[in-house]
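Visitor: no sequence on this one, just coordinates:
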């Protein structure tokens with residue numbers, strides 16, 4: 001199969017699409033300054049960060065796992081949505097979506113990211129007076145069009161009673177704040193620096209029952225969230241945009257080509273070719289914060 005790189009051909013497909021989904025990965029947030037999951041630096045350069053995202057590692061060393069995720073929380077709190085986030089957020093406005101895809105009846109962003117930037121981009125739209133001038137009804141912005149299948153970095157979930165709530169505090173607790181300060185000091189950039197040993201009693205606790213809490217994200221060996229809803233959307237979709245992901249992590253890696261199997265169209269936006277890109281109908285190579293707005297015609 002030979003894929004197309006024609007913007008005009010893609011826009012014509014978009015105009016006739018009825019049920020549109022986006023499957024997004026870490027590359028979507030790269031231009032916001034957030035490293036992809038497997039990138040390492042500073043304190044984490046000597047550790048296999050993938051191994052930190054497991055229930056077994058948390059059970060054996062909650063201090064190490066919490067330091068890793070607290071560092072990611074701090075990074076995400078400091079980040080802002082980039083042009084790709086903003087372009088996808090505009091599609092969540094039904095009246096704007098109709099200008100690009102008049103036949104569209106549904107649009108959903110299925111993101112593997114836990115950084116909340118896709119939701120923040122949509123929330124930002126409600127505060128933009130330009131939307132009113134353009135006669136787009138910001139009150140109809142669909143926050144529920146974003147499905148965070150791997151959970152949310154800012155959710156804190158109890159390991160005992162299961163209570164889960166969003167907490168945007170920074171630091172999340174004093175002990176993690178001190179560890180983050182140490183990480184950010186000049187001396188911690190050495191590759192031989194070791195994570196702090198934090199007593200379990202001083203790690204984040206559940207506000208309901210007081211037991212140890214964990215990051216509210218989906219780890220390896222855990223089931224992704226809202227899978228039934230996602231499967232229904234994938235089954236109905238006639239257009240799937242794959243944005244900033246190498247499509248290697250299941251189950252998200254199979255969504256685009258399930259769409260293709262029932263004669264839907266797949267368009268890939270990625271800075272580097274992935275093994276499955278040759279099977280796509282369209283491929284737009286380059287940073288998604290550049291290619292996505294350009295191809296969609298969103299300025």
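Guide: Happy to help now that I have it. Keep in mind that what you see is a predicted model, and the values were worked out from it rather than measured.
Visitor: name all residues that make contact with residue 52.
Guide: Each residue near residue 52 by CB atoms under 8 Å, 6 or more residues apart in numbering is listed here: 64-65, 68. Just so you know, the C-beta spots here come from the backbone N, C-alpha and C atoms, and that holds for glycine as well.
Visitor: switch the cut-off to 6 Å
Guide: 65, 68 (CB atoms under 6 Å, 6 or more residues apart in numbering).
Visitor: hmm, which helix or strand of the chain has the shakiest average pLDDT?
Guide: Here the helix or strand of the chain ranked lowest by mean pLDDT, DSSP states H and E is helix 129-133, holding a mean of 47.
Visitor: quick one, helices of the stretch 51-200 of the chain?
Guide: For the stretch 51-200 of the chain, the helices defined by DSSP state H, counting those that start in this stretch occupy 55-60, 62-78, 83-91, 94-100, 117-125, 129-133, 174-184.
Visitor: roughly how far apart are the residue sitting nearest the centre point of the chain and residue 150?
Guide: With distances taken as CA atoms, centre = their mean, residue 113 lies nearest the centre of the chain, 2.0 Å away. Distance of residue 113 to residue 150, given as CB to CB, to the nearest Å: 7 Å.
Visitor: which stretches of this structure form strands?
Guide: Assigned by DSSP state E, the strands in the chain fall at 19-24, 106-111, 146-148, 151-158, 164-166, 213-217, 239-243, 265-270, 282-285.
Visitor: what are the pairing partners of the third one, and which direction each?
Guide: Same thing as strand 146-148. Strand 146-148 has the following strand partners under DSSP bridges: strand 106-111 (parallel).
Visitor: any idea of the mean pLDDT in the partner strand?
Guide: What strand 106-111 shows for mean pLDDT is 97.
Visitor: so how far is residue 223 from residue 230?
Guide: In terms of CB to CB, residue 230 sits 12 Å off from residue 223.
Visitor: now do the same contact list for residue 267.
Guide: Neighbours of residue 267 in contact, by CB under 6 Å, 6+ apart: 10, 241, 282.
Visitor: tell me the bridge partners for it.
Guide: Going by DSSP bridges, residue 267 forms beta bridges with residue 241, residue 282.
Visitor: ok, residue 243 touching residue 28?
Guide: Yes - Residue 243 is in contact with residue 28 according to CB atoms under 6 Å; the separation is 5.4 Å.
Visitor: on that earlier part again, output the strands of the chain as CSV; include the columns distance to residue 173.
Guide: CSV is the format used below for these (distance: least, CB to CB, whole Å):
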stretch, distance to residue 173
strand 19-24, 30
strand 106-111, 27
strand 146-148, 24
strand 151-158, 10
strand 164-166, 15
strand 213-217, 9
strand 239-243, 34
strand 265-270, 37
strand 282-285, 43
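Visitor: hmm, back to that, which one of residue 230 and residue 223 has more residues nearby?
Guide: residue 230 (20 against 8; other CB atoms under 10 Å).
Visitor: quick check: which of the helices of the stretch 51-200 of the chain is buried the most?
Guide: helix 83-91 (a mean of 25; mean count of other CB atoms under 10 Å).
Visitor: nice, that's everything, thank you.
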